[in-house]
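Trainee: from the sequence below, what's the structure:
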Amino acid sequence: MNTLRLSIAILAICAFTSVTKADDRLNFLVIMCDDLGYGDLECYGHPSIRTPNLNKLADEGVRFTSYYSAAPVCSPSRAGLITGQTPTQVGVYDWIPGGSPMHVRAEEVTLPRLLKSVGYETGLFGKWHCNGKFNSPDQPQPNDLGFDYWFATQNNAGPSHENPTNFVRNGKRVGPTQGFSCQVVADEAIHWLSEVHDDDKPFFALVTFHEPHEPIASPDELVKTYPDAEKKGEALYYANVTNMDQAVGKLMAKVDELNLRDNTLVVFTSDNGPETLNRYKNAWRSHGSPGPLRGMKLHIYDGGIRVPGIARLPGKIEAGVESDLPVCSLDLLPTFSELAGAEIPAGTKLDGTSLAKMLDGETVKREKPLFWHYYRAFGDSKVAVRDGDWKLVALWDQGNVSPGSAYKKGDYSLIKDVKFTDFELYNLTEDIGETKDLKEQHPEIAARLKKALLAKYDEATANAIDWFAERN
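Mentor: A predicted model of the protein is given here:
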């Protein structure tokens, strides 16, 4: 029996036996980094970056080697996590610049709302990036989507990670803060856990670090610990990841100090793959690594969507487990909801699968493959599905578009009216770098996955929102 399956079965059994007592239910702590690559952590094989706290977290739980984000770019990835749906399906197609009409709508089913409905307290700490009109009554804010307490920025920490000035706490601007963003965010989450959160209630905390997204700033004392980094900006990047690791360590220490360790399911991950060096003027410090994967941020290949994924629940998830089971941030909503006893409204088109259903060591059975769509991905590859070992990538007929330039007028047709001209099939277990297209050798698998891909694409785009038409 797969050790992970047994561990999660034990986790689910323990949760369900006490689901009627709120103070005995699991707490949920999700930590998400920004642009952290699959190969950026020491425990994922980086030869230089030191991440002792995340190494420890992996040693205490499960380290997923096939953990996926919901999208290869920030806003859709975050929208997918909180809704459990393919981001295209909820109308979040690309990163959201300030002032954009695009946002997660108030009518969407969200993870914090579901958990609140069964007595959880909910908190958001860090990068939000699920609306363009941040801290404005014109669009839903974190509290409108289920967060009781929020300390957040619309997009990146500004003017950089050092002493950011753009945080908002529960609708009120905070002003200048002292320190580096990940430490500021961790300190706020610690304050909430220690001083604000009602100890008689279970909690859901979403901690979304800005690191290591540009514009990067790192403590000098950590930069100096990487004297062998020779490329411009390389030591800054390495120190940035190490600083984030220290913030994780601080947060985990507080969880232990508050005696929350054994009843808190911790999930650590990233919103997408690493930024491409020098893609834009300020990206000169972006030395992230996709490890052995093809592509990086903004790619539909695995370098854009396969990310670090670590989960810990002492005594329930066996320590030191490594699993290649394909899982995704879309799975968090159905998993947490089931463990908490929250009922998902009928008709909700979830794309994630509940991992809590692995009772008695049963294998996770997805009703449909994992699915990704990003219309501004690098190259012609815009859509993909993964089912078990197999991944199918779809190439479109629209030629090149500027990657990562945000949704704008005229883009609606690129979401609704495209055709796919070719497909690529990869066996990710045998070919993690997606180098060998096997559609000619396995036409039956390619045909099956093509049918699933096109059906899901049609479903995801059926009610696509033209945000500029709505605004006008």
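
Trainee: low-confidence ranges, the stretch 1-150 of the chain, go.
Mentor: 1-23 (pLDDT under 70).

Trainee: what segments of it are strands?
Mentor: 27-33, 62-68, 121-127, 149-153 (DSSP state E, counting those that start in this stretch).

Trainee: how far away from the center of its chain is the third one?
Mentor: Between the mean C-alpha location of strand 121-127 and the chain-wide mean there is a distance of 14 Å, by CA atoms, centre = their mean, to the nearest Å.

Trainee: so P112 versus E221, what's the distance?
Mentor: 36 Å (CB to CB, to the nearest Å). From N, CA and C alone the C-beta is placed, and that goes for glycine too.

Trainee: then T335?
Mentor: On the measure of CB to CB, T335 and E221 end up 39 Å apart.

Trainee: who has more neighbours out of these two?
Mentor: T335 (27 against 9; other CB atoms under 10 Å).

Trainee: send me the host helix or strand of that one as PDB with only the CA atoms.
Mentor: Element membership of T335 [criterion: DSSP states H and E] is helix 332-340. What follows is helix 332-340 as a C-alpha-only set of coordinates in PDB (Å, rounded to 0.1, in the frame of the first residue of the first chain):
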ATOM      1  CA  LEU A 332      -7.400  21.900  -1.300                       C
ATOM      2  CA  LEU A 333     -11.000  23.200  -1.300                       C
ATOM      3  CA  PRO A 334     -12.700  19.800  -1.600                       C
ATOM      4  CA  THR A 335     -10.200  18.200   0.800                       C
ATOM      5  CA  PHE A 336     -10.400  20.800   3.600                       C
ATOM      6  CA  SER A 337     -14.200  21.100   3.200                       C
ATOM      7  CA  GLU A 338     -14.700  17.400   3.600                       C
ATOM      8  CA  LEU A 339     -12.300  17.200   6.600                       C
ATOM      9  CA  ALA A 340     -14.100  20.200   8.200                       C
END
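
Trainee: who are the packing partners of the helix or strand following that helix?
Mentor: Following helix 332-340 in sequence order, the next helix or strand is strand 370-373 (DSSP H and E). For strand 370-373, the elements it packs on are strand 381-387, helix 443-461, judged by 3 or more CB pairs under 8 Å, 6 or more residues apart in numbering; DSSP states H and E.

Trainee: hey, which of those is tucked in deepest?
Mentor: Of all the helices and strands packed on strand 370-373, strand 381-387 carries the top mean neighbour count, a mean of 24, counting by mean count of other CB atoms under 10 Å.

Trainee: angle of that strand against helix 443-461?
Mentor: 110 degrees (axes from the mean of the first three to the mean of the last three CA atoms, to 10 degrees).

Trainee: what's the average pLDDT for the helix or strand just after strand 381-387?
Mentor: Per DSSP H and E, the first helix or strand lying C-terminal to strand 381-387 is strand 390-396. Mean pLDDT, strand 390-396: 98.

Trainee: tell me the angle of strand 390-396 relative to helix 443-461?
Mentor: For strand 390-396 against helix 443-461, the angle by the same axes, to 10 degrees is 60 degrees.

Trainee: list the contacts of strand 390-396.
Mentor: Strand 390-396 is touched from outside by 300-302, 379-385, 418-428, 434, 439, 445-446, 449-450, 453, 457, with contacts defined as CB atoms under 8 Å, 6 or more residues apart in numbering.

Trainee: in its sheet, what does that strand sit against?
Mentor: Applying DSSP bridges, strand 390-396 is found paired with strand 381-387 (antiparallel), strand 420-427 (antiparallel).

Trainee: from Y68, how far out is D271?
Mentor: Using CB to CB, D271 is found at 11 Å from Y68.

Trainee: repeat for P219
Mentor: On the measure of CB to CB, P219 and Y68 end up 31 Å apart.

Trainee: so these two - more neighbours on which side?
Mentor: A direct count of neighbours by other CB under 10 Å for P219 and Y68 places Y68 higher, at 26 against 18.
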